[in-house]
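> Give the three-dimensional model of this entry:
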Amino acid sequence: MLSNLAKIESLLFVSGGEGISLQQLAACTGMLKPAVKDQLTRLQDKYCNDTECSIEIISTEERYRIATKKEFAPFLKNYFEEPGMTALSRAALETLAIVAYCQPVTRVQIEQIRGVQSNGTLHKLLTYNLIIEKGRLDAPGKPILYVTTELFLNYFNLKSLEDLPQLPEKDEMQLGDDGQNLMELFDQTIQGEKQRKESV
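Residues are numbered from 1 along each chain as shown. Reported below is the predicted structural model:
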């Protein structure tokens with residue numbers, strides 16, 4: 001039988017960089033909020049007291065997520081700066097293209113266009129500092145809004161977002177439109193990134 005601690009840990013893991021609210025944790029586990037908070041404290045203590053554990057729980061306005069402990073930052077920095085280690089996958093490029101053209105955009109909006117869950121991909125792009133959180137949408141649940149960073153422009157050798165390829169047959173991309181145009185852009189982005197790396 002699954003323990004409540006394990007249930008909460010699994011929910012934190014799958015929620016990715018966006019995290020999960022206290023209310024959502026309570027609803028998914030069938031526990032009351034005070035009991036959930038108690039389990040979160042126990043889990044955080046477990047992570048903090050284990051010197052061989054690299055993760056911790058971070059909370060912001062009653063939203064909780066798993067992150068690596070601060071002391072691992074120099075080690076992880078070396079990993080991300082290692083040549084060839086930061087090549088973006090197609091999933092990452094697809095997500096990044098959506099953020100670039102539709103920003104500010106929420107995870108749910110991204111997933112509506114991609115048709116698949118994007119928690120893990122968003123977390124990776126946040127770690128690479130290619131996107132950042134930029135406030136929350138004034139809607140139920142207050143979902144996080146994502147935008148691209150200056151590093152994104154540098155990565156693709158762009159002076160500004162105006163240098164992005166224009167959407168075919170449309171001046172602006174409206175969320176909920178047919179995703180075919182964005183799929184074409186994904187291929188353009190991938191080819192542009194490949195050409196950039198080959199010219200270095």
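> quick one, what contacts the residue nearest to residue 121 when sequence neighbours are not counted?
Distances taken as C-beta to C-beta, 6 or more residues apart in numbering place residue 95 nearest to residue 121, at 4.6 Å, with adjacent residues excluded. The C-beta positions use only the backbone N, C-alpha and C, and glycine is treated the same way. For residue 95, the contacting residues are 110, 114, 118, 121-122, 125, by C-beta atoms under 8 Å, 6 or more residues apart in numbering.
> again with residue 16
The contact partners of residue 16, by C-beta under 8 Å, 6+ apart, come to 65, 119-120, 122-123.
> Can you verify my assumption that residue 96 contacts residue 129?
No: under the criterion of C-beta atoms under 8 Å, residue 96 makes no contact with residue 129, lying 12.0 Å away.
> Domain map for this protein?
Under the assignment automatic domain parsing, the domains of the chain span 4-71, 86-199.
> next one: phi and psi at the residue nearest to residue 21 when sequence neighbours are not counted?
Excluding the flanking residues, the one nearest residue 21 by C-beta to C-beta, 6+ apart is residue 63, at 5.1 Å. The phi and psi torsions at residue 63 (degrees, to the nearest 10) take the values phi -110, psi 140.
> do residue 148 as well
Torsion angles, degrees, to the nearest 10, at residue 148: phi -80, psi 170.
> count of residues packed around it?
For residue 148, the count of nearby residues is 24 (other C-beta atoms under 10 Å).
> Look up the pLDDT of the residue nearest to the spatial centre of the chain for me, please.
Nearest to the mean C-alpha position of the chain, counting by C-alpha atoms, centre = their mean, stands residue 122 at 2.1 Å. Looking at residue 122, its pLDDT stands at 90.
> Next one: residue 12 from residue 148, what distance?
Distance of residue 12 to residue 148, given as C-beta to C-beta, to the nearest Å: 26 Å.
> quick one on the thing from earlier: name the element the residue nearest to residue 121 belongs to?
helix 90-102 (DSSP states H and E).
> can you give me the offset of that helix from its chain's centre?
When C-alpha coordinates are averaged (C-alpha atoms, centre = their mean, to the nearest Å), helix 90-102 and its chain have centres 11 Å apart.
> Let me know the average pLDDT across it.
Rounded mean pLDDT across helix 90-102 is 85.
> what comes up buried for it?
Residues 92-102 are the ones in helix 90-102 that count as buried (16 or more other C-beta atoms under 10 Å).
> Helix or strand next in line after that helix, which one?
strand 105-106.
> which other residues reach that following strand?
98-99, 137, 143-147, 175.
> Packing partners of the first helix or strand past that strand going along the chain?
Counting by DSSP H and E, the next helix or strand C-terminal to strand 105-106 is helix 107-114. Applying 3 or more C-beta pairs under 8 Å, 6 or more residues apart in numbering; DSSP states H and E, we find helix 107-114 packed against helix 90-102, helix 119-127, strand 144-148.
> re the thing from before, the contacts of residue 16, buried ones only, as a ChimeraX selection?
Buried residues among those (16+ other C-beta under 10 Å), as a ChimeraX selection:
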select :65,119,122,123
